[in-house]
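Student: what's the 3D shape of this:
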Amino acid sequence: MTDDTTAGKPERFTFDFDPRFAPLLSVLGIRPDTAGVLVGPGTLRVRFGPWVTETPLANVSGVETTGPYSPFRAIGVHVSLADRGLTFATSARKGLCVRFHEPIRGGEPLGLLRHPGLTVTVADPAGLAEKLSRRL
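Tutor: Numbering: from 1, shown residues only. Next comes the predicted model:
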């Protein structure tokens, strides 16, 4: 049996854009055509406008559906002061927190700060969770 997370074309998960925040996000370069999560082959790649992070699927240690969030604390790019977790958010409804064995780069251009988790507000968090959980 072939594991579809490591073979073939990557599966794309789109972000759930709240129309109230889309104009502000667009100014930052974050639009439906510049934001998405790609899974496979063997890689998790997240693009959020000018921010990009990529890690092997084997680095994913767990996933958890989270939300809802406060819009003023979630929309855009945020780094948690409590745990250094990174958030890419286009909506306050719900998202998926992806945890990693080895922290990833992505919150700042030099890659000096590493993130143990990444929360993304994709339109289908359950689908992304299922796809990533097949690798655990």
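Student: ok, the helix or strand containing Arg47: who's next to it in the sheet?
Tutor: Secondary structure assigned from DSSP states H and E places Arg47 in strand 43-48. Applying DSSP bridges, strand 43-48 is found paired with strand 35-39 (antiparallel), strand 51-56 (antiparallel).
Student: now those strands as JSON lines including mean neighbour count?
Tutor: The way it works is simple: take the backbone N, C-alpha and C, and place the C-beta from them, glycine included. Output for the strands paired with strand 43-48, formatted as JSON lines (neighbours: other C-beta atoms under 10 Å):
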{"stretch": "strand 35-39", "mean neighbour count": "21"}
{"stretch": "strand 51-56", "mean neighbour count": "16"}
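Student: contacts for the strand holding Arg47?
Tutor: 10, 15, 30, 34-38, 52-57, 59-60, 77, 88, 98, 106, 118, 120, 132 (C-beta atoms under 8 Å, 6 or more residues apart in numbering).
Student: now do stretch 67-86
Tutor: For stretch 67-86, contacts defined as C-beta under 8 Å, 6+ apart pick out 18, 20-21, 24-25, 28, 30, 48, 51, 53, 87-95, 97, 103-104, 106-107, 113-119, 121.
Student: related to what we said a few turns ago, could I get the strands paired with strand 43-48 as a markdown table with mean pLDDT?
Tutor: As requested, the strands paired with strand 43-48 are exported to a markdown table (pLDDT from 0 to 100):
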| stretch | mean pLDDT |
| --- | --- |
| strand 35-39 | 98 |
| strand 51-56 | 96 |
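Student: return the residues in contact with Val37.
Tutor: Residues counted as contacts of Val37 (C-beta under 8 Å, 6+ apart) are Arg12, Phe13, Phe15, Leu44, Arg45, Val46, Val120, Val122, Leu128.
Student: Gly40 and Leu128, how far apart?
Tutor: From Gly40 over to Leu128 the distance is 12 Å, taken as C-beta to C-beta, to the nearest Å.
Student: need the helices for this structure, in chain order.
Tutor: Assigned by DSSP state H, the helices in the chain fall at 22-27, 71-74, 125-133.
Student: for the chain, what helix or strand is lowest in average pLDDT?
Tutor: Sorted by mean pLDDT, DSSP states H and E, the helices and strands of the chain end with helix 71-74, the least confident at a mean of 84.
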